[in-house]
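J.: show me how the following folds:
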Amino acid sequence: MSTTTSHSPESEGAPEAGGTRPARLIHNEATTEIPVHLLFRDDPEPVSVPLAPAVVGRRRGTGEQPRVARRPAPARPAPEVDPELVERPARVLPGGAGVLAGACGVAGCVLTSWWAGAVPAPALDALGLPWSAGAGFGPAQWAAYAGAGALGLFGFGGLARGRTGRAWVLGLFGRYRGTVRRTGLLWVNPLVLRRRVDVRLRHWRSEPLPAVDASGVALRVVALVVWRVKDTARATLGIEDHESYLRECVEAALSRVPVEGIAAKGGGAVPPRPDAVGDALTRLVAEDTAPVGVEVFSVQPVRIEYAPEVAAVMHRRRIAALDAQNRATALTSVVDSVEDTVTRLTMRGLVELDDYERKALVKDLTVAFCAGRGDAAP
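T.: Below you'll find the predicted structure:
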């Protein structure tokens, strides 16, 4: 005779005779099996948990789709410019040194001509030089001419005038040689290439640039940018045209920042909120232009208008909203007038009305007041 033994969940956790006691487990539909003794350890071991899992599992039995964990977007890298390309002062001499060198070169040419006997007698008398028969034009005379002429050309050819708010970026054979910010008469090596840069505080009023508002409606924005060139080396040599780059940065910032402030009368344009829009635009443009040596102080929208393709639609929408607002205001005024009239007639005892007569009176007064407002309206 065979005996059937049923096993219950309680019997599974019971200790067996002559054997070791198995560890109890906690089962869950959304987790794996966790031994009980791991939950009550005195010295828990550190468990490494991934901070940003790629996929978050779904709960079984709920029909929920697996969710992908969102990782933070990487920071936008800043434009890279040659780190060695930094503005530094160029070596120049005072203008007096160039004038002196040029005068010495001219004097050398005159003396060489007198030495060769090429100066006529009247010119000798005017210059106060003694008459000389001359040694003729030989190699020595031509070498003296070359040296004196080169000295005169270098002396007078290197003279330059420095102005306030202007600078020169010097380059020799494709290499940066420094920046001249000094004013007055200077002598600069005539062999170097000079690029004039305006370092004054400047402002630029842009043409209408494309933008959008918080609802995605296309706009046209005119921005006022206050800026200056801070590092002349990077502004001229690190980029092709820093002014064009500034324009592109302003347009790119407008495409990223929703412009607010369109609440004009009749679909026109009004100044935006400078606190929200201007600060955001200034921060974005300043971050983009700082690596190329351009310092931006302020970017403020001064005019905002709808784009041509949506201007007519928004104008009609604005007119409809104003018309609805006027109708609501007029209706409220009529209802208040009717209520005041009926209340005053009743309280003074001029009329005694039941419900039907009150409704008829209210209807007649409403029609009369509405007709009166319609006749008075232009």
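J.: can you give me the helices for this structure?
T.: 9-12, 95-116, 121-127, 139-157, 232-237, 242-256, 279-289, 308-347, 355-376 (DSSP state H).
J.: mind pulling up the pLDDT for the nearest residue to residue 310 once chain neighbours are set aside?
T.: Excluding its sequence neighbours, the residue lying closest to residue 310 (CB to CB, 6 or more residues apart in numbering) is residue 218, at 5.5 Å. All C-beta spots, glycine's among them, are computed from the backbone N, C-alpha and C. Per-residue pLDDT puts residue 218 at 84.
J.: partners of residue 218 in the sheet?
T.: Residue 218 has these beta-bridge partners by DSSP bridges: residue 212.
J.: that one: neighbouring residues, count only.
T.: 15 (other CB atoms under 10 Å).
J.: any idea of the pLDDT on residue 137?
T.: 74.
J.: tell me how many other residues surround the residue lying closest to it once chain neighbours are set aside.
T.: Take residue 137 and drop its neighbours on the chain: the residue closest to it by CB to CB, 6+ apart is residue 116, 5.2 Å away. By the measure other CB under 10 Å, the count of residues near residue 116 is 19.
J.: got it, and residue 149?
T.: Neighbour number of residue 149 under other CB under 10 Å is 15.
J.: any idea how far it lies from residue 257?
T.: 62 Å (CB to CB, to the nearest Å).
J.: and residue 97, by the same measure?
T.: 53 Å.
J.: more crowded one of the two?
T.: The residue with more neighbours, out of residue 97 and residue 257 and counting by other CB under 10 Å, is residue 257; that gives 21 against 15.
J.: ok so, going back, the residue nearest to residue 137 and residue 140 touch, don't they?
T.: No - using CB atoms under 8 Å, residue 116 is not in contact with residue 140, being 9.3 Å away.
J.: shaky segments in this structure?
T.: 1-81, 119-136, 261-274, 311, 314-315, 372-378 (pLDDT under 70).
J.: please parse it into its domains.
T.: The chain breaks down by automatic domain parsing into domains covering 93-198, 202-306, 312-376.
J.: distance of residue 287 from residue 296?
T.: Counting by CB to CB, the gap from residue 287 to residue 296 is 9 Å.
J.: tell me which of those two has more neighbours.
T.: Per other CB under 10 Å, whichever of residue 287 and residue 296 has more neighbours is residue 296, with 23 against 15.
J.: show me what the more buried one bridges to in the sheet.
T.: The partner list for residue 296 in beta bridges (DSSP bridges) reads residue 227.
J.: beta partners for the spatially closest residue to residue 181 that is not a sequence neighbour?
T.: In space, residue 181 comes closest to residue 167 once its chain neighbours are excluded; the distance is 4.8 Å by CB to CB, 6+ apart. Applying DSSP bridges to residue 167 gives these bridge partners: residue 197.
J.: list the contacts of residue 167.
T.: Contact partners of residue 167, counting by CB atoms under 8 Å, 6 or more residues apart in numbering, are 179, 180, 181, 196, 197, 199, 232.
J.: let's have these in a markdown table, adding distance to residue 312 and neighbour count.
T.: Output for the contacts of residue 167, formatted as a markdown table (distance: CB to CB, whole Å; neighbours: other CB atoms under 10 Å):
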| residue | distance to residue 312 | neighbour count |
| --- | --- | --- |
| 179 | 52 | 21 |
| 180 | 55 | 24 |
| 181 | 53 | 17 |
| 196 | 47 | 12 |
| 197 | 46 | 20 |
| 199 | 46 | 17 |
| 232 | 48 | 24 |
